[in-house]
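Asks: Fold the following, please.
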Amino acid sequence: MERKDIEERLTWDTSSIYQNDEDFYKEIEEVGELAQKLTSYKGKITESKESFKEFFGLYEEFSRKLGKADVYASLRSDEDTRVTKYQEMSQVAANTAVAAGQALAFMRPELLATDESKIKEFLADEDLAYLDHYFEDLLRFKDHTLDPKSEEIIASYGKLASNPQTTYMIFSNADISFPSVKKDGEEIEITDANFVSLQEDKDRDFRREVYEKYYSVYRQYSNTLAATLDGEFTANNVEARLRNYSSAREMSLFRNNIPEEIYDNLLEVVHDNVDIHKDYTSLRKEFLGVDKLGFHDIYVPLVKNYDRKIEFDEAKEIVLEALKPLGEDYVKVARNGFESRWFDVIPNKGKRSGAYSSGSYDTQPFILLNYTNTIDDVFTVAHELGHSMHSYYTRNTQPFAYGHYSIFLAEIASTTNELLLLDHMLKTSSSEEETAYLLNYFVNQFKSTVFRQTMFAEFEHKVNKLVENGEPIPAERLHSIYKELNEDLFGDDIDVDQYISAEWARIPHFYMYYYVFQYATGFMSAVALSQKILHGTDSDREAYLNYLKAGESEYPIEVLKKAGVDMTNKDAMNKAMDVARNALKDLREAIL
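Replies: Predicted coordinates for the structure are as follows:
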């Protein structure tokens with residue numbers, strides 16, 4: 001389907017940012033002018049309280065305008081990645097950000113070189129007191145911040161460092177194409193958007209054909225994609241060394257003050273409980289009645305003769321009903337999101353695959369979907385809405401300096417929404433088949449989000465260690481590492497073949513270094529929080545809403561602790577494993 005053929009109400013409203021593309025370019029011009037004004041403060045930021053206040057006022061205006069322009073360009077580009085002018089617009093925003101970053105590279109070194117007592121004196125001013133935590137956090141980076149000239153050099157390489165990710169995203173969304181398969185006399189083009197739904201087909205031979213054709217394409221380009229991945233990891237490791245970090249992982253986690261032990265604890269807990277994943281694999285093999293599973297069997301619902309389709313308008317009402325435990329205000333804001341065109345719903349040719357939540361401090365939230373009327377799509381709606389509601393409450397509660405939230409917290413609100421939806425759908429299930437389907441959905445989500453994402457995290461860490469040590473990562477080596485990890489995770493009941501060994505090539509999150517582990521920690525945290533919301537007290541629910549509003553006003557570990565979950569030890573992780581083990585037991589009883 002072409003984008004022009006989609007109903008307007010099913011597309012997001014970018015006119016709420018700018019009325020037209022010309023307004024984007026005007027804003028970009030203003031951003032450039034503000035950057036020039038900011039550079040005039042070089043060596044003078046802390047000259048006086050007045051200059052300090054003026055600088056941060058201008059810096060906030062600059063950042064907000066740049067953020068808004070970047071979101072607009074990104075949204076328009078993702079609507080149809082074939083449209084050259086929006087690709088160019090996205091590049092303009094990226095180039096402006098890089099140039100501004102280079103011009104303002106003096107900012108952090110200059111602030112860190114200022115005597116702390118002088119900064120504290122400025123912050124005693126009532127108008128500046130809110131920046132106290134900002135500077136507390138900034139001072140942590142003192143040992144990892146270079147002199148102004150070195151910072152300028154690193155900033156000047158910003159575009160080059162982001163090229164592997166940019167290249168991969170353009171390739172995977174605009175340039176790559178997949179073969180067609182024939183089903184009931186109809187030719188169906190395989191795409192990223194329909195791959196999973198095709199893998200749910202009841203015809204095993206058809207699933208195998210789709211699977212092999214799909215992954216053959218990624219395997220065909222694996223040498224190129226190994227090179228882009230090498231470029232991504234190399235850029236991160238070079239910056240880590242320059243900034244005096246022991247590793248790229250330390251640099252990534254340090255940004256949000258996350259102890260590296262959480263990463264290691266996650267890998268250990270998953271390995272200690274891998275029997276859950278292997279038992280689920282065995283259950284799937286037993287249910288399907290096959291001698292050995294293939295990876296083309298892992299998406300088949302473990303419920304026969306159940307294929308409910310849910311139109312988007314019905315999905316909206318189901319999700320809003322499920323979110324009622326979060327209170328009237330939450331539901332009111334969420335409903336307004338549906339009515340104010342936060343969502344871009346329908347797949348169209350050239351549209352970016354997958355789903356995400358976007359927006360800036362000065363825009364409404366925006367949610368990209370590729371909705372195809374499946375129950376899984378309903379859960380995606382709840383998931384992305386969770387992100388957007390988190391953003392909404394943060395931006396409407398916190399000043400700009402804290403109007404974002406760390407990636408460590410980013411996946412918790414989204415998954416909590418999913419778990420509330422699951423609870424609602426189980427309670428309102430109209431059949432044993434639907435109940436079994438939903439139980440399988442939870443166990444499968446746990447498998448995919450905790451076990452699979454942790455496997456991704458382990459793959460990423462293993463590969464990064466190779467790059468860190470100066471070793472090459474050709475495609476065949478990546479295939480081998482990925483194959484071994486799958487064998488450890490799935491056990492003997494599945495054929496780990498050459499096709500799945502190339503799956504690493506289709507994972508865009510490997511270009512967001514050391515991000516994926518937070519899907520797993522976020523899911524585990526969400527299990528605990530959803531139980532508190534559903535079965536706890538009003539104070540538990542209020543604590544959760546306060547978590548949504550906290551933004552970056554405190555460190556993420558502390559924000560989560562105040563919501564009732566402590567991720568600095570293994571207890572919360574192990575309790576989540578217990579929930580999964582019990583759910584798997586219920587699922588086995590429901591389907592066998």
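Asks: Helices along the stretch 251-400 of the chain, start to end?
Replies: 260-272, 274-288, 312-322, 328-339, 375-395 (DSSP state H, counting those that start in this stretch).
Asks: next one: the longest one to chain centre, how far?
Replies: Shown here is helix 375-395, whose average C-alpha point lies 12 Å from the average C-alpha point of the whole chain (CA atoms, centre = their mean, to the nearest Å).
Asks: how about it: buried residues?
Replies: For helix 375-395, burial by neighbour count (16 or more other CB atoms under 10 Å) applies to 375-395. (C-beta placed from N, C-alpha, C; glycine too.)
Asks: Output the contacting helices and strands for the helix or strand following it.
Replies: Next helix or strand after helix 375-395 toward the C-terminus (DSSP states H and E): helix 407-427. Contacting helix 407-427 under the criterion 3 or more CB pairs under 8 Å, 6 or more residues apart in numbering; DSSP states H and E are the following elements: helix 312-322, helix 375-395, helix 432-446, helix 517-535, helix 538-550, helix 556-563.
Asks: what's the angle from the first one to helix 375-395?
Replies: Between the direction of helix 312-322 and that of helix 375-395, the angle (axes from the mean of the first three to the mean of the last three CA atoms, to 10 degrees) works out to 60 degrees.
Asks: name the helices or strands packed onto helix 312-322?
Replies: helix 328-339, helix 375-395, helix 407-427.
Asks: Point out the one among those helices that comes closest to residue 155.
Replies: helix 407-427 (21.4 Å; CB to CB).
Asks: hmm, back to that, put together a markdown table for the helices and strands packed on helix 312-322, with distance to residue 85 on each row.
Replies: Formatted as a markdown table, these follow (distance: least, CB to CB, whole Å):
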| stretch | distance to residue 85 |
| --- | --- |
| helix 328-339 | 29 |
| helix 375-395 | 27 |
| helix 407-427 | 31 |
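Asks: Which one, of the ones you listed, ends up nearest to residue 187?
Replies: Closest approach to residue 187 among the helices and strands packed on helix 312-322 is made by helix 375-395 (23.7 Å; CB to CB).
Asks: And for residue 542, the neighbour number?
Replies: 11 (other CB atoms under 10 Å).
Asks: Residue 329 versus that one, what's the distance?
Replies: Look at residue 542 and residue 329: by CB to CB, to the nearest Å, they are 12 Å apart.
Asks: The residue nearest to residue 258 when sequence neighbours are not counted: what's it in contact with?
Replies: Nearest residue to residue 258, sequence neighbours excluded (CB to CB, 6 or more residues apart in numbering): residue 408, at 5.5 Å. Residues near residue 408 by CB atoms under 8 Å, 6 or more residues apart in numbering: 256, 258, 518, 521-522, 556-557, 560.
Asks: cool, and residue 1?
Replies: Listed by CB under 8 Å, 6+ apart, the contact partners of residue 1 are 346-349.
Asks: now it: how far from residue 510?
Replies: From residue 1 across to residue 510, the span is 30 Å (CB to CB).
Asks: Kindly report the same for residue 532.
Replies: Separation of residue 532 from residue 510 (CB to CB): 33 Å.
Asks: Between those two, tell me which one has more neighbours.
Replies: Neighbour count, other CB under 10 Å: between residue 532 and residue 510, residue 510 has more, with 25 against 18.
Asks: ok, back up a step: and the helices and strands packed on helix 312-322: which comes nearest residue 308?
Replies: Residue 308 lies closest, by CB to CB, to one member of these: helix 375-395, at 5.9 Å.
Asks: by contact count, what packs against the closest one?
Replies: Helix 375-395 packs on helix 312-322, helix 328-339, strand 356-358, strand 366-368, helix 407-427, helix 432-446, helix 538-550, going by 3+ CB pairs under 8 Å, 6+ apart.
Asks: For the third one, enumerate the helices and strands it packs against.
Replies: If contacts are counted by 3+ CB pairs under 8 Å, 6+ apart, strand 356-358 sits against helix 49-79, strand 366-368, helix 375-395.
Asks: could I get these as CSV with mean pLDDT and distance to residue 27?
Replies: Shown next, in CSV, are the helices and strands packed on strand 356-358 (pLDDT from 0 to 100; distance: least, CB to CB, whole Å):
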stretch, mean pLDDT, distance to residue 27
helix 49-79, 96, 5
strand 366-368, 98, 17
helix 375-395, 96, 18
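Asks: what's the closest of these to residue 100?
Replies: Closest to residue 100 of those is helix 49-79 (CB to CB; 6.7 Å).
Asks: ok, then the element right after the closest one?
Replies: In the C-terminal direction, the helix or strand that comes right after helix 49-79 (DSSP H and E) is helix 84-103.
Asks: which residues touch the helix or strand just after that following helix?
Replies: Remark: after helix 84-103, the chain's next helix or strand is helix 107-113, criterion DSSP H and E. Outside helix 107-113, the residues within contact range by CB under 8 Å, 6+ apart are 38, 42-43, 45-46, 59, 119, 135, 138-139, 141-142, 145-148, 151.
Asks: How about stretch 178-197?
Replies: With CB under 8 Å, 6+ apart as the criterion, stretch 178-197 contacts 172-173, 198, 201, 206, 209-210, 213-214, 217, 299, 347, 351, 353-354, 370, 372, 374, 376, 506.
Asks: try 10 Å this time
Replies: With contact meaning CB atoms under 10 Å, 6 or more residues apart in numbering, stretch 178-197 is reached by 172-173, 176-177, 198, 201, 203, 206-207, 209-218, 299, 347-349, 351-355, 370-374, 376-377, 506, 508.
Asks: Pull out the buried members of those residues.
Replies: Using 16+ other CB under 10 Å as the burial test, these include 172-173, 176, 198, 201, 206-207, 209-212, 214-215, 217-218, 299, 347-348, 351-353, 355, 370-372, 374, 376-377, 506 as buried.
Asks: Apart from its neighbours in sequence, what residue is nearest residue 460?
Replies: Among residues not flanking residue 460 along the chain, residue 510 sits closest, at 5.9 Å (CB to CB, 6+ apart).
Asks: The one you found falls within a strand, correct?
Replies: No - Residue 510 is assigned helix when assessed by DSSP: H, G, I helix; E, B strand; the rest coil, not a strand.
Asks: Was I right to think it contacts residue 463?
Replies: Yes - with contact defined as CB atoms under 10 Å, residue 510 counts as touching residue 463 (8.1 Å).
Asks: Mind listing the shared neighbours of those two?
Replies: In contact with both residue 510 and residue 463: 229, 233, 504, using CB under 10 Å, 6+ apart.
Asks: nearest to residue 566, of those?
Replies: Looking across those and measuring by CB to CB, the closest to residue 566 is residue 233, at 31.5 Å.
Asks: which residues does that closest one contact?
Replies: Neighbouring residues of residue 233 by CB under 10 Å, 6+ apart: 164, 248, 460, 463-468, 473, 510-511, 513.
Asks: Helix or strand: which one has it?
Replies: Here residue 233 is assigned to helix 222-242, by DSSP H and E.
Asks: as a whole number, average confidence for that helix?
Replies: For helix 222-242, mean pLDDT is 96.
Asks: any idea how far that helix is from the chain center?
Replies: Centroid separation for helix 222-242 versus its chain: 20 Å, with CA atoms, centre = their mean.
Asks: Can you mark which positions in it are buried?
Replies: Residues of helix 222-242 classed as buried: 222, 225-226, 228-237, 239-240 (neighbour count, 16+ other CB under 10 Å).
Asks: Same check on stretch 298-314?
Replies: By neighbour count with 16+ other CB under 10 Å, stretch 298-314 contains the buried residues 298-303, 310, 312.
Asks: same check, this time on stretch 281-301
Replies: By neighbour count on 16+ other CB under 10 Å, the buried set for stretch 281-301 is 281-285, 287, 293-301.
Asks: repeat for stretch 128-146
Replies: Buried residues in stretch 128-146, counted by 16+ other CB under 10 Å: 128, 131, 134-135, 137-138, 144-146.
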